[in-house]
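[1] Please find the sequence and the predicted model below.
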Amino acid sequence: MEELKASMAGSVWKIVAGEGQSVADGQDIIILESMKMEIPIVAEKAGTLKELKVNEGDFVNEGDVLAIIE
């Protein structure tokens, strides 16, 4: 199991992958927006996106868990 965490505080701008979807190592899962920059959150291993813990528009803090990949 891998927890994808926010690398910095910001808003969830776009969710690229859906729950139950197979994801590849390095694939964008969520894109955060902070200080007018887009920050991709990527899978660090291949697997299945088990759970999204955020919705588009949510504000997250650095270190918050955004998704779980198995």
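    Happy to help now that I have it. Residues are numbered from 1 along each chain as shown.

[2] Let me know the secondary structure of residue 32.
    Following DSSP: H, G, I helix; E, B strand; the rest coil, we place residue 32 in the strand state.

[3] burial measure for it, as a count.
    Applying other CB atoms under 10 Å, we find 23 residues neighbouring residue 32. C-beta: built from backbone N, CA, C; applies to glycine.

[4] quick one: residue 33 and residue 9 touch, right?
    No - using CB atoms under 8 Å, residue 33 is not in contact with residue 9; the gap is 10.8 Å.

[5] show me the contacts for the residue nearest the centre of the chain.
    With distances taken as CA atoms, centre = their mean, residue 30 lies nearest the centre of the chain, 3.6 Å away. Applying CB atoms under 8 Å, 6 or more residues apart in numbering, we find residue 30 in contact with 4, 12, 14-17, 40-41, 52, 54, 66-67.

[6] quick one: it and residue 8, what's the gap?
    Computed as CB to CB, to the nearest Å, the residue 30 to residue 8 distance reads 13 Å.

[7] returning to that earlier point: could you find the closest non-adjacent residue to the residue nearest to the centre of the chain?
    Spatial nearest neighbour of residue 30, excluding adjacent residues (CB to CB, 6 or more residues apart in numbering): residue 41 at 4.4 Å.
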